[in-house]
Structures are given as C-alpha cells and as structure tokens.
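Just need the structure, nothing else, for what follows:
(2 chains)
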Amino acid sequence: MNTLALKAKAAQIRMNLLKMIHGAKTGHTGGSLSNTDILTALYYKIMTIDPADPKHPDRDRFIASKGHSVESLWCILADRGFFPKEDLDTFSRFGTKLIGHPNNKVPGIEMNTGALGHGLAISVGMALAAKRDGKGYRAFCLMGDGEQAEGSVWEAAMAGAHYKLDNLIGIVDRNRLQISGSTEDVMGLDPLEDKWASFGWNVVSLDGNDVEALVNAFAAAPEVPGKPTLIMANTVKGKGVSFAENVPHWHHHVPNDQELEQALSELTALIESYRKEEEAQ
Amino acid sequence: MANKIPNRQVICETLLELAKEDRDIMVLASDSRGSAAMAPFANAYPEQFVEVGIAEQNIVGISAGLAHSGKKPFVTSPACFLSMRSIEQIKVDVAYSATNVKLVGISGGVSYGALGMSHHSVQDLAVTRAIPGLAVLLPADRHETKRMTEALVAYEGGAYIRIGRNPVEDVYESDDYEFVIGKAVKLRDGKDITIIAAGETVRVALDAAAELEQAGVSCRVINMHTIKPLDEQAIIDAARETGRIITVEEHSIHGGLGAAVAEVVVQQAPVPMRIVGIPDEPAIAGKTSEVFEHYGISAAHLKQLALELTGA
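Reported below is the predicted structural model:
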C-alpha cells in the first residue's frame, strides 16, 4: 500500500470509528482519531501478521497500552479480516466481545488492557521471550501521553533498556491532552523525549499523523542496535475532524447526528482529494 | 529431628530439576533471588532467569508477556509486595488475560515478624481469592511444597502461592502422596469436630487434634492447601459428619481461609464455626511462633475452642 492509499485508509477508518461510536452512543473519540495513523502504518504496512492465523508464533505483537482508544483498532482489525465487519455494530452493546477496551477473546488482540501503565511491561516480556528464543518478531506498544504519569511505565522503560531489547518499539501518542485538559497542566511531562533518552531508549520524534513518517520510522527501527526505540508521535487529538481537533471535551464526546454528518463529509472530501492526487501522479 | 529445609529452597530445587527437561520454565526475581533461595537457579539457567530489580508491578507485567509467548514464568517476590503492589497486574495481566504465570509470594504471612505491617502479608489470600480464574495455594511443609511445585509446572493458568520464610516442621512423612490442586487432604479423621488449616497452621491443627484425642474428643484435620478453587465437598462433608468447624490461618480473620470456609458452611451446611487468625490490627512484632501464640494460633487455644464447641 503506497502512502496515498494509507492516508485514504486512515480517513476511511476514521469514518468507520465515528459511525461506530455514534451508533453505540459511547466511545473515546478524540484518542482514537489521534492514533489512527499510527495503527494504519502498523497494520497495513509494518507488522507481520496474518488475519487467517492470528496466533502464528512468529507474528509481530501489538499491545494497546492506552486501551481506551480501542475504536480505531476494532475498525482496523475488522477491515483486515480478523473478524466480520458486522461485528462492529455490537460495539459496547450488552454481552459483546467488542467492549470499550482491547479484549483477547477477539482474534488479533494479544492481551486485555485498559488499566494504564501495564502495556510496556507486557511488551518487554514479549520482546525478551523473542530474544531468549532467538526469534525475529518485534513488540510494538502504544501508550498515551497522559499514561506517562504512571510509574510502572518507567519500571518497564528501565527493563527494556537493561535487557537491550532493540526488538521493542514504544510509541507515545503525544496529543498533549488528557481527560482533564492539557497534559502539561495536569502533570507536566516535558521534556518527555529527554526522559526516554535518559532511560536508555533511542528516541525518534515525528509527526504522528504523518503516516509516511511513521512507516519510515517503524521500518528503520532499531536505528541503534541494542537499544529499544521510542517513537514520540506528536499527534492532534481529534485529528481529521475540524471541530474536534485539540478540544479536550472530545476525549469521550460522542458525535450527535449533525456532528457525524459534518465529520463524514470532511473525511469524504479528504479521501476524494487523495484520489485526485493519485490520479494526477 | 526438626526440619531445616525452608520451602523456598524446595521450590528452587524442584524447578532446577524440572528445568532440565523443560526449557520454558523461567524464574523472575525482584532483587529477591537471595531471599527466594533462587540463586542456584539463576546460576544454573541464566537464560531462564530474569532479574527485574525492585519493581513488583514490572515483574508481573513482564511475566505475563513471557507467558503469552509460551514461557512458564515463576515470579518469586516477597508476598507482602507481590500481593499488594502488583495486584492490578495480577488482576488484569494474569487473571483477565489468562496468562500462565505462577506468583510465588515468599516470606509470607508474619514471616517478617519484627519488620512491621509493611512486611506482613496477612491480607493476600483475601485479595487474590477474589480474582476470577486465579488459583490460590499454600503448602503445609517441604514435602507438599515439592508436590505443589510439580503440579504448578503442569498446571496451565495463573496461580498465587504463598510460602513462609523459615523451615517448618514436617506434616507429611514424605512426598509420596497424592497432591491434586483443589483437592483438600484429610490428614486425620474425626467425628466430633473438624479443624481446617492451610500452610503453616496445619502443623498446629494436627498438634491440637492429638491433644484433643487425649481429652476424649475426636477431631478431623483437613489440610486446605488450595484456597481457590476451594474443595467445597470436603467442607460440606466435615460439617455434616462432625457438626462443628474451626478454621485456623496465618492471615487476617477477614477474607481468608475462614471466610472461604464460612461462605460454604452458611450456604450449604450450617454448623457452629470459629475463625482463628490475625485480628483486624497491625500484627504484633515477633517470631512466627510468638505471633502465633499471641493470637491463639496454637494447639492449646484450638483445643480450648474445640472443647467449648463440643461441650466436652
């Protein structure tokens, strides 16, 4: 999939997750919109995965440590064929498997997450198992920036560097907003890149809504053998929907009918612009 | 002759033996390889050993990741920290995600008697047994520790095991007996009353039963080595056949063995019951034997309670 196709895919996933959240009348809209490009790069370009064999021993592992932004992941897993797309209609409904956090009863989900600060330690274990077994798979762990306040993140960061896990890639969805407002007002994180670098990680800072930059960074890791990689993905919360971008309230705001219509029309126009760009090339 | 081998050493020796054949067995330590007696394992199998430093949340999360990748991790960390600092990782990463992690809480109960409540783990059974899908066990002596360790290597699923720090007097003559996770062991039959114990209080219960026999009271003793899944039938049988039950545990009287037994008794076979354990207070300082004596975790006190209950 080329860059334009990936961009169009990300826009389509955004449309799907908005419709899903609108239908269910619940969801973490802002964070899912901010991480969509990261997941698109991983699931359509980077990770070695097989929807027909989701537990293949040599697959790459993905852990959504910021488990609450699962809506984009559900839409991507359905689109990749891990489960039927119709299942998306059950999102958050009574008795569903597609709950508001990753659920490993669903094919394609490795571990149950949702409690923040857990995913990186799990990913360290997976990357360590690969090293000890001489296997080539990588472990990708997506964290939130608000999540960086959890001390357990830094326990795992220490271990990842200590065990020289260059098959471990941490990603921070750095959208600078959490439920109560700016991350820097709630609990200051900056200089966050320096913190990770001082913990022994190779830090790559990029535009986390630029799917091409993400693909290149993921493909290049590890740039430094023996060091885990931290991708500081500078994103926009609510990305792709003009009136939701950088608005804290959209953390778990559910679009009403009018908002949905406007959002879908913006994203449809975006996909159309990619199509024209593709044609022009 | 008094036993001089602590249970932690038995776990290490058993895992060392099994790891010869099973390269997926892993031991993790939180700066605890000495206190867990795991240094021999670390030295013999460095590729199957992981040190995480003093980071109990991390040790459980990493173990869950290892287990997810096919490893059989045994986490060895002080029970007080492992069962409290890491409880959310135990709930989510082990139980909820259904990973095959064995959590070995060392120096449990009041083993660290003089170090204060920070180092006591007398709420661990209460919190761990409330977590769905997590097995909870405590061995009575070194022989049971060996059989339990073997059973846990074969068992697929999360489990919390609590052992004490110091050698304990033998309950079994050898390790040549049937050990099944979730199946209580009737160590002594009786018809007037039953004492149900677990871990290091089993020896106390047996001593009480011997004294009761001399006083003309026939006392059954059940070793409830598995707190979860609980052998409910053994409890119902004891209630129906002996009419009275005393539980004795190295744990708070709230939420532990006594509570687990009472949940079965009141709903399925109501009989008079007494719960002996650590009261709702920071436990007094002292050696395990002194703390036990202070709180009536003793043969003399159990005998007295049994005599009161039986009216003998």
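
use CA for all of it now, contacts and neighbours both
Will do.

Near residue B:226, how many other residues are there?
Residues lying near residue B:226 (other CA atoms under 10 Å in any protein chain shown) number 24.

Where does the closest residue to residue B:2 other than its chain neighbours sit: helix, strand or coil?
The shortest distance from residue B:2 to any non-neighbouring residue, by CA to CA, 6 or more residues apart in numbering or on different chains, is to residue B:169 (6.2 Å). What DSSP: H, G, I helix; E, B strand; the rest coil gives for residue B:169 is coil.

Give me the distance between residue B:169 and residue B:143.
Remark: distance between residue B:169 and residue B:143 (CA to CA, to the nearest Å) = 10 Å.

Check which helices and strands the helix or strand hosting residue A:121 sits against.
Element membership of residue A:121, judged by DSSP states H and E, is helix A:119-133. Counting contacts by 3 or more CA pairs under 8 Å, 6 or more residues apart in numbering or on different chains; DSSP states H and E, helix A:119-133 packs against strand A:61-64, strand A:139-144, helix A:151-162, strand A:168-174, helix B:56-68.

wait, what's in contact with the residue positioned nearest the centre of chain B?
Nearest to the mean C-alpha position of chain B, counting by CA atoms, centre = their mean, stands residue B:138 at 1.8 Å. Applying CA atoms under 8 Å, 6 or more residues apart in numbering or on different chains, we find residue B:138 in contact with B:161, B:162, B:163, B:198, B:199, B:225, B:226, B:227.

Residue B:113 now?
B:119, B:120, B:284, B:285, B:286, B:287, B:288, B:291.

Spit out the contact partners of the last one.
Spelled out, it's residue B:291. Taking CA under 8 Å, 6+ apart as the test, what residue B:291 contacts is B:110, B:113, B:283, B:284, B:285.

what's the answer for the fourth one, then?
In this structure, residue B:285 makes contact with B:113, B:114, B:115, B:116, B:291, judged by CA under 8 Å, 6+ apart.

which one is residue A:132 nearest to, not counting chain neighbours?
Residue A:132 sits nearest to residue B:47 (CA to CA, 6+ apart), 6.7 Å away.

Confirm that neighbour sits in a helix?
Yes. Membership of residue B:47 in a helix is supported by three-state DSSP.

Mind listing residues that contact stretch B:187-206?
The contact list for stretch B:187-206 (CA under 8 Å, 6+ apart) reads B:138-141, B:163-164, B:168-171, B:217-226, B:238-239, B:241-250, B:257, B:297-299, B:302, B:306, B:310.

taking those residues one by one, which sit in helices?
B:238, B:239, B:241, B:242, B:257, B:299, B:302, B:306, B:310 (DSSP state H).

hang on, the fifth one packs against residue B:235?
No. Using CA atoms under 8 Å, residue B:257 and residue B:235 do not qualify as a contacting pair, with a distance of 11.5 Å.

Neighbour count: those two, which is higher?
Neighbour count, other CA under 10 Å: between residue B:257 and residue B:235, residue B:257 has more, with 31 against 23.

that older thread, in the helix holding residue A:121, which of the residues would be classed as buried?
Within helix A:119-133, the residues that qualify as buried are A:119-131, counting by 16 or more other CA atoms under 10 Å in any protein chain shown.

now the angle from it to helix A:151-162?
20 degrees (axes from the mean of the first three to the mean of the last three CA atoms, to 10 degrees).

which residues make contact with helix A:119-133 from outside it?
Under CA under 8 Å, 6+ apart, the answer for helix A:119-133 is A:61, A:63-66, A:113, A:136-143, A:152-153, A:155-157, A:159-160, A:163, A:165, A:167-168, A:170, B:47, B:58-59, B:61-66, B:68-69, B:71, B:93.

Pull out the buried members of those.
Neighbour-count burial (16+ other CA under 10 Å) is assigned, among the contacts of helix A:119-133, to A:61, A:63-66, A:113, A:137-143, A:152-153, A:155-157, A:159-160, A:163, A:165, A:167-168, A:170, B:58-59, B:61-66, B:68-69, B:71, B:93.

ok, residue 6 - how many residues close by?
The chain I'm using is chain A. Quick note: residue A:6 (other CA under 10 Å) scores 20 neighbours.

Can you look at chain B instead?
Residue B:6: 20 surrounding residues under other CA under 10 Å.

That one and chain A, how far apart?
Distance, residue B:6 to chain A, by CA to the nearest CA, to the nearest Å: 30 Å.

How about the contacts made by that residue?
Counting by CA under 8 Å, 6+ apart, residue B:6 makes contact with B:142, B:164, B:165, B:166, B:167, B:168.

Which member of these is positioned nearest residue A:7?
Nearest to residue A:7 among the contacts of residue B:6: residue B:164, at 58.3 Å, using CA to CA.

Now for the nearest residue to that closest one once chain neighbours are set aside: which residues touch it?
Sequence neighbours aside, residue B:107 is the residue nearest to residue B:164 in space, at 4.4 Å (criterion: CA to CA, 6+ apart). By CA under 8 Å, 6+ apart, residue B:107 lies in contact with B:78, B:79, B:162, B:163, B:164, B:165, B:166.

Same check on residue B:147?
Residues near residue B:147 by CA under 8 Å, 6+ apart: B:175, B:179.

quick check, it in a helix?
Yes. According to three-state DSSP, residue B:147 belongs to a helix.

Tell me, what's the model's pLDDT at it?
With respect to pLDDT, residue B:147 scores 98.

on that earlier part again, type out the PyMOL command that picks the buried ones from the contacts of residue B:6.
A single PyMOL command selects the buried members of these (16+ other CA under 10 Å):
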select buried, chain B and resi 142+164+165+166+167+168
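
Spell out which parts of the stretch 101-250 of chain A neighbour chain B.
Listed as neighbours of chain B in the stretch 101-250 of chain A under the rule CA under 8 Å from any CA of the partner chain: A:104, A:111-113, A:115, A:118-119, A:121-126, A:128-130, A:132, A:152, A:155-156, A:159.

hmm, try it at 6 Å
Applying CA under 6 Å from any CA of the partner chain, one finds that the stretch 101-250 of chain A approaches chain B through A:111, A:112, A:121, A:122, A:123, A:124, A:125, A:126, A:129, A:155, A:156.

and of those, the nearest to residue B:125?
Of these, the one sitting nearest to residue B:125 (CA to CA) turns out to be residue A:112, at 23.8 Å.

SS state for that closest one?
Of the three states, residue A:112 takes coil under three-state DSSP.

Next, find the distance separating it from residue A:201.
From residue A:112 over to residue A:201 (counting by CA to CA), the distance is 26 Å.

and what of residue B:238?
Counting by CA to CA - residue B:238 and residue A:201 are separated by 59 Å.

repeat for residue B:121
36 Å.

ditto for residue A:123
Distance of residue A:123 to residue A:201, computed by CA to CA: 15 Å.

same question, residue A:30
Noted for residue A:30: a distance of 28 Å to residue A:201, by CA to CA.

One more: residue A:214?
The spacing between residue A:214 and residue A:201, counted by CA to CA, is 17 Å.

Looking only at neighbour counts, state which of the two leads.
Between residue A:214 and residue A:201, counting by other CA under 10 Å, residue A:201 is the more crowded of the two (29 against 25).

and that one, what is it in contact with?
Counting by CA atoms under 6 Å, 6 or more residues apart in numbering or on different chains, residue A:201 touches A:227, A:228, A:229.

so what pLDDT did the residue nearest to residue B:164 get?
pLDDT, residue B:107: 96.

Rebuild the contacts of residue B:107 as a markdown table, extending it with pLDDT.
Shown next, in a markdown table, are the contacts of residue B:107 (pLDDT from 0 to 100):
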| residue | pLDDT |
| --- | --- |
| B:78 | 97 |
| B:79 | 98 |
| B:162 | 98 |
| B:163 | 97 |
| B:164 | 96 |
| B:165 | 95 |
| B:166 | 93 |
